[in-house]
Every structure is written in structure tokens, then in C-alpha cells.
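Colleague: Only the shape, not the letters, is given here:
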């Protein structure tokens, strides 16, 4: 199944907002109903493919004619990603980033062949997995026509080593299918980001993804043991042991490279036994500050839950911690809601729950029982659908995230919240700004912000100004420009400042060696030459 072309996910799961929510938006933010929803796919006037006939013939010879698609519908479905500005532009008929063709290679050798053809014809190529980027990762700055390299046919479990507990997966494998294949052997990857239902293994590696159970299973880049990269200059194989002192780790050049250096064609990851027990529960804290202290205590001294997240006062009040229950759930108490989840054997889960509960109580937490945790687990992939319903109702909503060391988290939280509020209020669209901590480490944590406001006359321009102000606030407060969404084009200019001139020059040198013509995802991650 293809994702909804003008929104998120399965069209059958898109539902309108409850009346209570639309009333709240009207009263608090002045949101007016959207005069018209998105146009139908068949009504979009997509220009004919600009792919040169010679390039088309060469690509068809490499992949087969059936796997070089130039029809309007396929090309439109591979236009940009799923950020709110991406969706607004495509809903309004902005087709500036439509690829000339969509290529569907079946394996590593076909990816190499396609890249050789692209290099020979000066044709930029954008690797495409699940299409879930929210930072402009699929909206490059090419010179003329470009192609999307869709990896969906590369969707197999290539190898399994139960003794070492490793699995080798192809990049086009969607996360639910990967989990199903591993479950047949009693194993799990344990990577469950909000994009889980649609995102792919290759995309996880290319963006340094972090899942909602990262406290227990780790980030995706921590799971990767080796990978293979196809480039216009040949093949790069990295990683041959669980750890090595044989020079710098070349895996780190590929992880997070967002298709700018090559196309990931296989990933070997560590896997774990499917947990016998999963328990999620809620906790209440009087303030975000007290809840943050509790999360830090668990992250530093343990015992650490598998899932650990904390919504601030505004997010708790609105109920965004449980998006599928907004407008119908019980009233939220003043203060903040935390969710702690435990996965593993029954004995280990009970031990960690008991130890964590003692710390949470000592830090001012009050147990809310299992219902908040079960509601979170049930609705944890629902928020993107809620975003689309808000757009249809005339509201604008978008997210951004960052991370910092624990000592900097309070100032970073205040700086980003204030920048968003001031910029959008000044533009005439006063927002609700909400935040949660969803990933914790011994030395710091992530902050994930959600903004809701009226669409206004030019929502993309309003958000662009607000996002720039937030990015400036992040760097000034000592945060990283992205914790798990990646760089794309949206964060690129701030990433250049974060990495510094020498660091960027080093990455440019890598790109020149692997992609001499600069044809891979041009303008993403690094400024185009």
C-alpha cells in the first residue's frame, strides 16, 4: 500500500476532529474552518516527465522498463516528504519538486547500475525509503531533472545469525515487516519511532533514527553493526566485528548521511529476544522541572525503564500525550504526565518497575496506574493523522526536536518555547507550544516540541520564520540542531554552523570521493557546490 499522497499513512485511518476539539481551536486560537480540503490525486495537473530519452533507455536497460516509472501518479507520490510545509505546498499544487522518474532497483548491483547511468547522464538521484522525512530530506536542490530511487523492492531479511543475535536486512524493508520476519525466530529489533508503520530500515540508518523505546533498546545507530553502501564510485562495506580499534569507524560516515554519500543497500543489526512482558504505566508530577529531575535520576542511576517520556504542563492539559483520546479522554490533572514502560522477562520487569517507582515517588511523582500507559501505547502512532485532521480543520501544526546535556535542558526548553511563541504571535497566529522529553541518556535528553496555531494567510512563511527563530535559539542554548529527525534541507544551514568549517570541509571531501559529480541528494545535509 502507498502512503496517502497529500497526508500521512493509510487513507482509511484519516478521521475528522471531534467537535470538542474544533471548538477548542476556535475559542483558544481563532482557527477558522478550512474552505477546501486537498484536491483529488486525479485532478492534479502533473507536467510530463522531463527525463531525456537516452537516459530513460539506459535506465530501462539497467533495471527493466517496468521499473522506470514516469507516470504522473507515481511521480507525485514521490514528491517531498511529510512535513507540514511539504503537505501544504503539494495540497496547493506546488509541483516544483516532482521527480522526472521513479526507479525501482531489486538489489545492490541494480542500485550500482542505476547510479552509473545517473552519473553518465548528469542525472541527480534521491534515495527514497518510506517517504516520511519531515526536514526536507526528499526535497533536494538539483540542477534540472532528477530521479527518485525507490528501494521498496529491496525488502528481504538476507541473513540471520541466532548465535551472535544479528540480522542483515535490506533497506526497503518497512519496520512492521522487519519485526514480523524477526518474530518468526523469536527476535525483535525494538525500534519503534512514531514513523514506525511506514518508515524503512535504510531510512532509519540514513537519519540516525531514535525509537520510542530507546531507553531500553538504544538508538538505531547503536544497533547497526555493519552496512553496505552503493556509490557512483563503487561499493563501500563497513563493519566486520561488534567493536574494533582498526582506525576510525567508517560506519559513522554512512549513518546519518541522508543519501548524500551513497545508497544503503543492506544493514546488519543486533537483535534481541521478543520480550515476554510489556507493561506501561502513567505518573503525575506537579511540574515539568520535577518530572525532568525524576527522568534524569533514572537515566543516571537506574533502574531505567524501556520507555520513559514526560509531557510538559501544556501538552498534558491538551492531552497530546494520548492523541487518539483527544476530545474524548478523561480530564487531565494540572501538572505533567509521564509514561514509563517495561519490557523483558516477568522477573526483570517487576524488579525494574519496583526500583523505578521508588525513585519516581522520591522525586514527587504520583502513580496513575496502567490506563495512561495503555492509552499511550495504543495511540503512539496516531499523532501524524491528527496533524492532517488539524490541517483540514484550518489549523497549522508542526513539530521540531533537539537535545542537550542535562544542565542545559531547562534553558533550552525555555529558549525554544519563547522563540516559537514570540515569532508566531508577532505574525498574528498566537500558538499553543507543547513539549515532551521522549529520549533520555545518562548525560542528557531530547526535547520534542509541537506547535498548533491558526493557519493564517501564509502558513508556510509564518512557520519558516518561527522555525528559523527556534533553530537560532537551539544553537544559542547549546542544543543540537536535530536529535532524530535528521538534517535534510531544513536544518542544513544550522548544521553547517554546528559542525564548523573544518568539519564541513572534511565531509565535502568524503562526498567528492564517493560522489564526484555531486548527484546524490544534492543540497541535503551539505550545501550544493
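Modeller: Yes, it's here. Keep in mind it's a predicted model, so treat the numbers as computed, not measured.
Colleague: Can you get me a residue count around residue 471?
Modeller: By other C-beta atoms under 10 Å, 23 other residues sit near residue 471. C-beta: built from backbone N, CA, C; applies to glycine.
Colleague: And the helix or strand containing it, what does it pack against?
Modeller: Per DSSP states H and E, residue 471 falls inside helix 459-476. Judged by 3 or more C-beta pairs under 8 Å, 6 or more residues apart in numbering; DSSP states H and E, the packing partners of helix 459-476 are helix 84-91, strand 395-405, helix 409-426, strand 444-454, helix 492-499.
Colleague: chain center to that helix, what's the gap?
Modeller: Chain-centre distance of helix 459-476: 19 Å, with C-alpha atoms, centre = their mean, to the nearest Å.
Colleague: just stretch 371-385 next, same as before
Modeller: Stretch 371-385 has its C-alpha centroid displaced from the chain centroid by 17 Å (C-alpha atoms, centre = their mean).
Colleague: just for the stretch 151-300 of the chain, where's the confidence low?
Modeller: Counting by pLDDT under 70, the stretch 151-300 of the chain contains no low-confidence range.
Colleague: any idea where the strands of it begin and end?
Modeller: Counting by DSSP state E, counting those that start in this stretch, the stretch 151-300 of the chain has these strands, from start to end: 157-161, 166-169, 187-188, 224-231, 234-238, 263-270, 272-273, 277-285.
Colleague: ok, and what's touching the longest one?
Modeller: This means strand 277-285. Surrounding strand 277-285, the residues in contact under the criterion C-beta atoms under 8 Å, 6 or more residues apart in numbering are 291, 294, 307, 310, 333, 335-346, 349, 353, 360, 363-374, 376-377.
Colleague: Just the buried residues of it, please?
Modeller: Residues of strand 277-285 classed as buried: 278, 279, 280, 281, 282, 283, 284, 285 (neighbour count, 16 or more other C-beta atoms under 10 Å).
Colleague: Also stretch 335-345?
Modeller: 335, 336, 337, 338, 339, 340, 341, 342, 343, 344.
Colleague: what's the answer for stretch 396-415, then?
Modeller: Buried, per 16+ other C-beta under 10 Å, within stretch 396-415: 396-404, 406, 409, 412-413, 415.
Colleague: Would you format the residues you listed as CSV with pLDDT and distance to residue 449 included?
Modeller: Formatted as CSV, the buried residues of stretch 396-415 follow (pLDDT from 0 to 100; distance: C-beta to C-beta, whole Å):
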residue, pLDDT, distance to residue 449
396, 93, 14
397, 94, 11
398, 97, 9
399, 97, 6
400, 97, 5
401, 98, 7
402, 98, 8
403, 98, 12
404, 98, 13
406, 98, 18
409, 98, 13
412, 98, 10
413, 98, 9
415, 98, 11
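Colleague: What are the boundaries of the helices in the stretch 301-450 of the chain?
Modeller: 313-318, 346-362, 371-379, 383-392, 409-426 (DSSP state H, counting those that start in this stretch).
Colleague: TSV for these, including distance to residue 259?
Modeller: Formatted as TSV, those follow (distance: least, C-beta to C-beta, whole Å):
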stretch	distance to residue 259
helix 313-318	33
helix 346-362	38
helix 371-379	31
helix 383-392	22
helix 409-426	28
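Colleague: which one of these has the lowest average pLDDT?
Modeller: Of all the helices of the stretch 301-450 of the chain, mean pLDDT reaches its minimum on helix 383-392 (a mean of 89).
Colleague: Which neighbouring elements make contact with it?
Modeller: Counting by 3+ C-beta pairs under 8 Å, 6+ apart, helix 383-392 packs on helix 84-91, strand 395-405.
Colleague: Could you work out the most separated pair of the buried residues of stretch 335-345?
Modeller: 335 and 344 (29.4 Å; C-beta to C-beta).
Colleague: out of the helices and strands packed on helix 459-476, which comes closest to residue 266?
Modeller: The stretch from those with the least distance to residue 266 (C-beta to C-beta) is helix 492-499; that distance is 26.8 Å.
Colleague: If you count neighbours, what's buried in the closest one?
Modeller: Neighbour-count burial for helix 492-499 flags 492, 494, 495, 496, 498, 499 (criterion: 16+ other C-beta under 10 Å).
Colleague: what about the closest residue to the fifth one other than its chain neighbours, how many residues close to it?
Modeller: For residue 498, the nearest residue in space outside its immediate sequence neighbours is residue 481; the separation is 5.4 Å by C-beta to C-beta, 6 or more residues apart in numbering. By other C-beta under 10 Å, the residues close to residue 481 number 26.
Colleague: go on, the one 5 residues further on?
Modeller: Neighbour count of residue 486, defined by other C-beta under 10 Å: 25.
Colleague: does it really touch residue 136, like I thought?
Modeller: No: using C-beta atoms under 8 Å, residue 486 is not in contact with residue 136; the gap is 9.3 Å.
Colleague: okay, the buried residues of stretch 396-415 in TSV with distance to residue 450 next?
Modeller: Shown next, in TSV, are those (distance: C-beta to C-beta, whole Å):
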residue	distance to residue 450
396	11
397	7
398	8
399	5
400	9
401	10
402	13
403	16
404	18
406	22
409	17
412	16
413	13
415	17
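Colleague: Out of the buried residues of stretch 335-345, which is nearest to residue 514?
Modeller: residue 343 (38.5 Å).
Colleague: Can you tell me who that closest one pairs with across the strands?
Modeller: Taking DSSP bridges as the rule, residue 343 bridges to residue 278.
Colleague: what sits against it?
Modeller: 190, 213, 216, 275, 277, 278, 279, 306, 307, 349.
Colleague: how near is the fifth one to residue 345?
Modeller: Between residue 277 and residue 345 the computed distance is 7 Å (C-beta to C-beta, to the nearest Å).
Colleague: Check the third one too.
Modeller: When distance is defined by C-beta to C-beta, residue 216 is 13 Å away from residue 345.
Colleague: same check, this time on the first one
Modeller: Look at residue 190 and residue 345: by C-beta to C-beta, they are 15 Å apart.
Colleague: likewise the second one?
Modeller: Distance, residue 213 to residue 345, using C-beta to C-beta: 16 Å.
Colleague: And for the fourth one?
Modeller: For residue 275, the distance to residue 345 equals 8 Å [C-beta to C-beta].
Colleague: cool, residue 490 as well?
Modeller: According to C-beta to C-beta, residue 490 and residue 345 sit 42 Å apart.
Colleague: Give me the nearest residue to the most far-flung residue of the chain relative to its centre, chain neighbours excluded.
Modeller: Relative to the C-alpha centroid of the chain, counting by C-alpha atoms, centre = their mean, residue 54 is the outermost residue, at 36.3 Å. Among residues not flanking residue 54 along the chain, residue 121 sits closest, at 6.9 Å (C-beta to C-beta, 6+ apart).
Colleague: So the one you found sits against residue 53, correct?
Modeller: No: applying C-beta under 8 Å, one finds residue 121 not in contact with residue 53, separated by 10.7 Å.
Colleague: that older thread, and the contacts of residue 343 as TSV, adding distance to residue 433?
Modeller: TSV is the format used below for the contacts of residue 343 (distance: C-beta to C-beta, whole Å):
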residue	distance to residue 433
190	31
213	26
216	29
275	35
277	37
278	32
279	32
306	29
307	24
349	35
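Colleague: Out of those residues, who's the most crowded?
Modeller: residue 307 (25 neighbours).
Colleague: Would you mind measuring from the residue lying closest to it once chain neighbours are set aside to residue 372?
Modeller: Of all residues not flanking residue 307 in the chain, residue 341 sits nearest, at 3.1 Å (C-beta to C-beta, 6+ apart). Separation of residue 341 from residue 372 (C-beta to C-beta) stands at 11 Å.
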